[in-house]
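Asks: just a sequence and a predicted model for now, questions to come.
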Amino acid sequence: EALENRHQMIEWGRLARGEISRDEILDFVAAEGYTAGCDLPISLLYKDVMRRNPDAKVILTLLDPAEKWAAGFVETTGSCTYWCTKPPMTLFRPGIGDLHLWLWKQVGMTLDPETLAVPFESAVAGYTRWKEAVIAAVPKEKLLIFEAKDGWQPLCAFLEIEAQVCPSAVGEAYPYAPNDRAFMVRMNNVMCFLTDWWLVICFVTCTSVPSLLVLAVRCCCCRAASVKEKTV
């Protein structure tokens, strides 16, 4: 949700720039009413969350082997940094560029100097390091190593959700989104195009709209005059 909320992204950007501490961003997150989090950027602070909340549980979601995960990552999330660190995105979401650069640094991933995308080899290494680090840092009784293919049952058991109210008990299938990868690839292509050409698009739009309005007014005036002549 940090991406969807401008004020949240501003705070995460401040963390990335070193203007606030990890405890301060977690205070902010708590004040926003959150009691749980998933995915980046909050997942990078799992050790801090555990320190502040000794009863916290951690779910490590995997897609092994690392090469399989990396293949999808480099085409989707790993390719977003280019347009996330440049306008117009940085105008609409201040802080997102700083956050993206900080994210990959935290997990030890490098960026291609030209495309700002995470190379495949770096993604594989980063995935492996992250997996090993989480398993080493989180007590076994507080950690669930999970794969989407496992479905609802291990999640419900780990989170102490009663069996009769677990989604699997009422026949609700575990959600899969097979088209997300293709959608994100298309979105990346569109955003890269807009990033490269947004000034031209704005210029053409700003110069064309007034001309079209003038033309529309003239057409209306001419039509009104024509109708008036016929009436007379």
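Replies: That came through fine.
Asks: from now on I want contacts and neighbour counts done on CA atoms only, so please keep to that.
Replies: Noted.
Asks: and the gap between W198 and M191?
Replies: Separation of W198 from M191 (C-alpha to C-alpha, to the nearest Å) stands at 10 Å.
Asks: which one's more surrounded, those two?
Replies: M191 (19 against 15; other C-alpha atoms under 10 Å).
Asks: just the pLDDT for the closest residue to that one other than its chain neighbours.
Replies: Excluding its sequence neighbours, the residue lying closest to M191 (C-alpha to C-alpha, 6 or more residues apart in numbering) is W83, at 6.3 Å. The model reports W83 with a pLDDT of 93.
Asks: mind giving me the domain ranges of the protein?
Replies: The chain breaks down into these domains under automatic domain parsing: 6-138, 178-232.
Asks: so, low pLDDT: which residues of the protein?
Replies: Across the chain, the ranges flagged by pLDDT under 70 are 177-179, 211-212, 214-232.
Asks: all strands of it, in order?
Replies: For the chain, strands defined by DSSP state E occupy the ranges 58-61, 143-146.
Asks: now tabulate these in CSV and tack on distance to V118.
Replies: CSV is the format used below for the strands of the chain (distance: least, C-alpha to C-alpha, whole Å):
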stretch, distance to V118
strand 58-61, 20
strand 143-146, 24
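Asks: which of those strands sits most buried?
Replies: Highest mean neighbour count of the strands of the chain: strand 58-61, a mean of 19 (counted as mean count of other C-alpha atoms under 10 Å).
Asks: centre of the chain to that strand, how far?
Replies: 18 Å (C-alpha atoms, centre = their mean, to the nearest Å).
Asks: just the C-alpha atoms of that strand, please, in CSV.
Replies: What follows is strand 58-61 as a C-alpha-only set of coordinates in CSV (Å, rounded to 0.1, in the frame of the first residue of the first chain):
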residue,chain,number,x,y,z
VAL,A,58,7.4,-14.5,10.2
ILE,A,59,6.3,-16.2,7.0
LEU,A,60,9.0,-16.8,4.4
THR,A,61,7.4,-17.3,1.0
